[in-house]
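# Show me the folded form of this:
(chains A and B)
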Amino acid sequence: MQFSEKQLQKWVNIPVEINELANKLSLAGLEVAAIVPASGEFTQVVIGQILETVPHPNADKLKVCSVDIHQAAPLTIVCGAANAQTGLRVAVATVGARLPNGIKIKRAKLRGVASEGMLCAAAELGLAQTSEGIMALPDDAPIGAALSHYLDLPDPVFHIDLTPNRGDCLSVLGIAREVGALYGEPVALPALKPLQDTCEDRLPVTIIATQACARYCARVVRGIDVHAKTPMWLQTHLQRFGLRPIHPVVDVLNYTLFTLGQPMHAFDLKRITDQVCVRYAKAGESLTLLDEKTLTLNAQDLVIADADRVLALAGIMGGQDSGVSDDTTDILLESAYFDPTGLGLTARAHKLQTDASYRFERGVDPHITEYALDFATQLLQSIAGGKAGEVIVQSDAAHLPSNALIRVSKQQVEKQLGVKIDAKVMSQHLSALGFDIQADSSTHIDVRAPAWRFDVQCAADVIEEIARLYGYEQIPARLPIAPLQAYPVPVDVRQSIGQLLVDRGYHEVINYSFIDSNWQRQVLPQYEALLTLLNPISSDMDTMRVSLWPGLLNTLQYNQHHQQKRVRLFEIGACFYQADDAWQQVDKVAGVIVGQAYPERWCHPSTQSSFYDLKGDIEALDALIHVCAQLRYERSSHPALHPGQCADIYSGEVLLGCMGALHPSLVKQLKCDGQPFLFELDLSVLENNPPIVFKKVSKMPMIRRDIAFLVDNTVSFEQIRSKVLESGIDLLKNIELFDEYVGQGVPAGQRSLAMSLTLQDPARTLIDEQINTCIDTIVASLVKAFNVSLRK
Amino acid sequence: MEQQHAILTKALQAVQAAVDVSALEAVRVAFLGKKGELTALLRNLQQVPAQERAALGQAINQVKQQLQAAIAQKQSVFDEAALQAKLDAEAIDITMPGAGQHQGSLHPITKALHRIQRIFSQMGFDVATGPEIEDEYHNFTALNIGADHPARAMCDTFYFADGTLLRTHTSPVQVRAMQHNQGALRLIAPGRVYRSDSDLTHTPMFHQVEGLMIDQQTSFADLKGTLRQFLTLFFDKADLSMRLRASYFPFTEPSAEVDMACVSCHGQGCRVCSQTGWLEILGCGMVHPNVLRESGIDPDQYSGFAFGMGIERLAMLYYGIDDLRLLFENDLRFLRQF
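Reported below is the predicted structural model:
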């Protein structure tokens, strides 16, 4: 909503300077987004009339104009505008004038002809964003007068961002009421004089859909002057509202709309057959709107129709066929009350939003209908003449909205706001806002909100009104008093996991939860059912991610394209997929590494990250989450991973996630620099960790023995480790693989593994004989199971 | 008597003259070794008359101890020098960089969230979370957002074919908490939320923290005090100025927008605050009685306040980040700074 200071002043006295007013309005909930001058800053621009134009002797496109500004002699001004014609009244920047762009007008020769000023375009004076040609002023513009005076300048324009509950403030009258309440200034609707030129014409009006239209007022106006022009003062008003003049009838209705908040419509009377009827559309009926769009209507759309056809979409937009045009002489003016809910549904169903629908959706004062009709008629007659018929009113009192009586407990006001407000002050504020106070006792107050307020329905709403007028700034700030209740100590595994990864060189990223479905299918084709948005913002964000990998791979690629060779990223977030016939939202942690295992540095070997570097990070997570002190890795396959370097990760029998090398085809497609490795784990399982329980430390010495053996490649280390553990040596405390060797001396298809075995007795020092027995047992079991050959 | 003193003098001179450890060892062998001169004297004691033997033996031993001390002292000089030489040889360029992984980083949104959580935890607020895919009831209906409310339109909210939607705020978490609790509670609900909006200052996914306190005497004044406390601690500004402007949310009444003095220009007006001197920082209000009632809480007995803020905005102001889109580009050159 925008309006100017002078427009507001017509309705209410403003006792303060405008910035203070703006601040007060903002604090009271009418947020002043900006105060903008109605024009640019200019001086010495006067109204003139072009007496004569002659072609410039040296330039085809220029004219030499003789311009009267009521001085001794007319000025000679060179002008290039096509519309600079004899008789036109224009804005003349005289010598010495300053224009908004900083230009100072000087006497100058243009192509050899002396020019004593400049004829201005509206845009050059900051009166419009763009303009064509020079400003054409009305024929009654007073020659010689200062333009700023004529245009009622300066006049600051307020831009207000209204919250959706304050439809009542979508007019100057509404804002004036609010200002009046805030400053204790009176605001009243002035009584209108009876109309002068009248006629007997009527048109039958019926409302069939009374629930959707509880009041419909209309009037015939005959014989309006087709040559009438919208006067400058009205054009100026429209400019302040951010509107452009269109047609005198339309301009009058727009002015009424922005002034009183009542949307109205004018039909060309000739285009109406017999009568006007407010009814629901028949499904399939069509209507071409003023903006030339043709709608196919639904049965819940409210329309204005005549005997034959639909004329307008009620309260939203008129039909092209029945609207006023340049040769319209007889009209039917409509002023009605439409129900906000139904109208809103229709507007949204047809994706329409107009100044009228915007107001009706938020609620228009049902008691201003007829006043607005008279207000507009009177204004129209003053501009374009015409004889006004009497007002035809159809009304259904049962369906007119009426605000209920609300009881507000004074104790409740104090309890909600935390401050005791004087009872007299409370009722003063409510009266100032137009509330009808029916009872005011020591304990409570019974009030009814004014008809223009659609947002006050319960005691809490009234309390807000009291608080707003009292001023939020006057309510004290104090800390709540409550029992010192503590909550269970949070086990925030995701915080510790995040920190661990950060400490191991990973950077956290946050990607959107929706992603390109094609890309996701490519990385994770095994998920057939995807959770796809009905209304994605774009096709590359059309489906919910089932895994963090597609996003991480995008981020990896982005960073490698920005010269980052060594990348270590992780993300924690929800993934969405179907399991057990239901959509699951599972929090996951995932990471990707590529490039050198350690930052490039004089002291580090320059080896590339491997599967085992990533596995080391997962083992660190494992150690952090005590639950799975031993995660299990099983050879597996995954469409996005290298088939020979892929593992599923289990805790007991529960699958936690998987890890591996990115599949070579994806490496190629993403143009990765180096081989990326990825992991992903289900966080919900990790969060489920039992408390730590202390185990006794043995004071006896530990004995380490190393064994090395040749074994077939088909046997995994995990098989060997399990076998060693199964061999039943209680004294065995630890197994560590410290070497793998393939090459000279090792037969093809085999490798050499070297392990340390740590033995310890909880109660005594081990003797050699015992130790040897243990090691022999272990070796024997390995030989038996895998046919290993011990290396001496 | 004379003999041992002469040996001592000679020996001390030899110790003095020894230039290295081996020379010193040679001196020790020459005088104290098995065939050494002092050892010989001691061995010869048996031939000395018994009445003189004790005194002489004592005298020789004294000389021996003196010599041993001199040798040890000389040895320590050599040890010291050797150590010094070793230390000198082992000196390194300590300005060369250290070994190991670089430190990674948490995302600034995560860091800001941790800061917010720590502050509210200290004030006794529990932390609650909930699903990101919600139903219309929890996201709208229970929050007094009627079926015809514009927020429900497809242009604002992401929907799925089955009628579920991506939550537009974390308020559904609060609804569940109220329904579960049925009385006094204090909690914050952080999480990701989604709105169909994308431009310079909006991303279709962002992070919110909403807070809720319900008790028998909770008032608007408590809300003001709590928010002042939070903002003061978050921005570490003891003299923070803050103002509440009346506003509108379907789920609170009275409702307010909270502005704080611009952190960049201290209220003077600058680009960050669009010359107003104020920064819009969060929305809040007293929980609407319809919302309490819908969750089974009696609004005549209980009252409560609620607030909600965007973590992106807080993080941007706290770290001085001037472009929202940086937060989701995940550029390492940006991330490494946190």
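
# where does the chain have low pLDDT?
If you meant another chain, say so; for now it's chain A. Segments of chain A classed as low confidence (criterion: pLDDT under 70) are A:490-491, A:626-629, A:688.

# wait, chain B
Chain B contains residues with pLDDT under 70 at B:1, B:150-151, B:154.

# In the chain, spot the helix with the most residues.
Went with chain A since none was named. Among the elements of type helix in chain A, defined by DSSP state H, the one spanning the most residues is helix A:768-786.

# actually chain B
When every helix of chain B is counted residue by residue (DSSP H), the longest turns out to be helix B:50-89.

# So which elements touch that helix?
In terms of contacts (3 or more C-beta pairs under 8 Å, 6 or more residues apart in numbering or on different chains; DSSP states H and E), helix B:50-89 is packed against helix B:2-17, helix B:21-32, helix B:37-44. Yep, even glycine has a C-beta here, placed from its N, CA and C like the rest.

# Name the residues of it that are buried.
B:56, B:60, B:63-64, B:67, B:70-71, B:74-75, B:78 (16 or more other C-beta atoms under 10 Å in any protein chain shown).

# ranges for the helices of the stretch 51-200 of chain A?
Ranges of helices in the stretch 51-200 of chain A, per DSSP state H, counting those that start in this stretch, are A:147-150, A:172-183.

# hmm, back to that, could you point out the helix or strand that follows the longest helix of chain B?
Scanning forward in sequence from helix B:50-89 by DSSP states H and E, the next helix or strand is helix B:108-122.

# from the middle of its chain, how far away would that next one be?
Going by C-alpha atoms, centre = their mean, to the nearest Å, the spacing between the C-alpha centre of helix B:108-122 and its chain's C-alpha centre is 12 Å.

# What's the separation between residue B:215 and residue B:318?
For residue B:215, the distance to residue B:318 equals 30 Å [C-beta to C-beta, to the nearest Å].

# hmm, I was thinking of residue B:114
From residue B:114 across to residue B:318, the span is 12 Å (C-beta to C-beta).

# picking up where we left off before, compare the helices of the stretch 51-200 of chain A and report which one is nearest to chain B.
Across these, the minimum distance to chain B, taken as C-beta to the nearest C-beta, is reached by helix A:172-183, at 10.8 Å.

# Any buried residues in that closest one, and which?
Neighbour-count burial for helix A:172-183, counted by 16+ other C-beta under 10 Å, picks out A:172-182.

# so which residue of the stretch 151-300 of chain A comes closest to chain B?
residue A:163 (3.5 Å).

# mind listing what that residue touches?
When contacts are counted by C-beta atoms under 8 Å, 6 or more residues apart in numbering or on different chains, residue A:163 is found next to A:29, A:31, B:247-248.

# how about the nearest residue to residue B:264, chain neighbours excluded?
Using C-beta to C-beta, 6 or more residues apart in numbering or on different chains and skipping the chain neighbours, the partner closest in space to residue B:264 is residue B:272 (4.0 Å).

# typo on my end, it should be residue A:32
Closest residue to residue A:32 apart from its sequence neighbours, by C-beta to C-beta, 6+ apart: residue A:22 at 4.0 Å.

# Tell me how many other residues crowd that neighbour.
When counting by other C-beta atoms under 10 Å in any protein chain shown, one arrives at 21 neighbours for residue A:22.

# picking that back up, of all the helices and strands packed on helix B:50-89, which lies closest to chain A?
helix B:21-32 (36.0 Å).

# What is that closest one packed up against?
Counting contacts by 3+ C-beta pairs under 8 Å, 6+ apart, helix B:21-32 is packed against helix B:2-17, helix B:37-44, helix B:50-89.

# Quick one, which of those helices gets closest to residue A:324.
The closest of those to residue A:324 is helix B:50-89. By C-beta to C-beta, the value is 103.0 Å.

# Report the inter-axis angle for that closest one versus helix B:37-44.
Counting by axes from the mean of the first three to the mean of the last three C-alpha atoms, to 10 degrees, helix B:50-89 points 150 degrees away from the direction of helix B:37-44.

# now helix B:50-89: how far from the chain's centre is it?
How far helix B:50-89 lies from its chain's middle: 57 Å, per C-alpha atoms, centre = their mean.

# Same check on stretch A:552-560?
For stretch A:552-560, the distance from its own C-alpha centre to the chain's C-alpha centre is 28 Å (C-alpha atoms, centre = their mean).

# before we move on, the earlier item: which among the helices and strands packed on helix B:50-89 is found nearest to residue A:426?
Comparing those by their distance to residue A:426 (C-beta to C-beta), the top pick is helix B:21-32, with 101.9 Å.

# Now that closest one: buried residues?
Within helix B:21-32, the residues that qualify as buried are B:24, B:27-28, B:31-32, counting by 16+ other C-beta under 10 Å.

# From residue A:111, how far off is the nearest residue to residue A:62 once chain neighbours are set aside?
Using C-beta to C-beta, 6+ apart and skipping the chain neighbours, the partner closest in space to residue A:62 is residue A:56 (3.7 Å). Here residue A:56 is placed at a distance of 6 Å from residue A:111 (C-beta to C-beta).

# mind listing the strands for the stretch 201-338 of chain B?
Remark: strands assigned in the stretch 201-338 of chain B by DSSP state E, counting those that start in this stretch are B:205-215, B:242-249, B:252-261, B:278-287, B:303-310.

# Let me know the angle separating the second one from strand B:252-261.
Pointing back at strand B:242-249 there. Strand B:242-249 and strand B:252-261 are oriented at 140 degrees to each other (the same axes, to 10 degrees).

# returning to what we had before: what distance do you get for the residue nearest to residue B:264 to chain A?
Here the criterion is C-beta to the nearest C-beta, to the nearest Å. By it, residue B:272 lies 17 Å from chain A.

# Burial check on that residue, number of neighbours?
Applying other C-beta under 10 Å, I find that residue B:272 has 16 neighbouring residues.

# wait, it sits on residue B:279?
Yes: the criterion here is C-beta atoms under 8 Å, and residue B:272 meets it with residue B:279 at 7.2 Å.

# so what sits against both of the two?
Between them, residue B:272 and residue B:279 share these contacting residues under C-beta under 8 Å, 6+ apart: B:262-263, B:317.

# who wins for most neighbours among the residues you listed?
Going through these with other C-beta under 10 Å as the criterion, the one with the most neighbours is residue B:262, at 22 neighbours.

# quick one, what contacts the closest residue to it other than its chain neighbours?
Counting by C-beta to C-beta, 6+ apart, the nearest residue to residue B:262 once its immediate chain neighbours are dropped is residue B:273, at 3.7 Å. By C-beta under 8 Å, 6+ apart, residue B:273 lies in contact with B:262, B:264-265, B:279.
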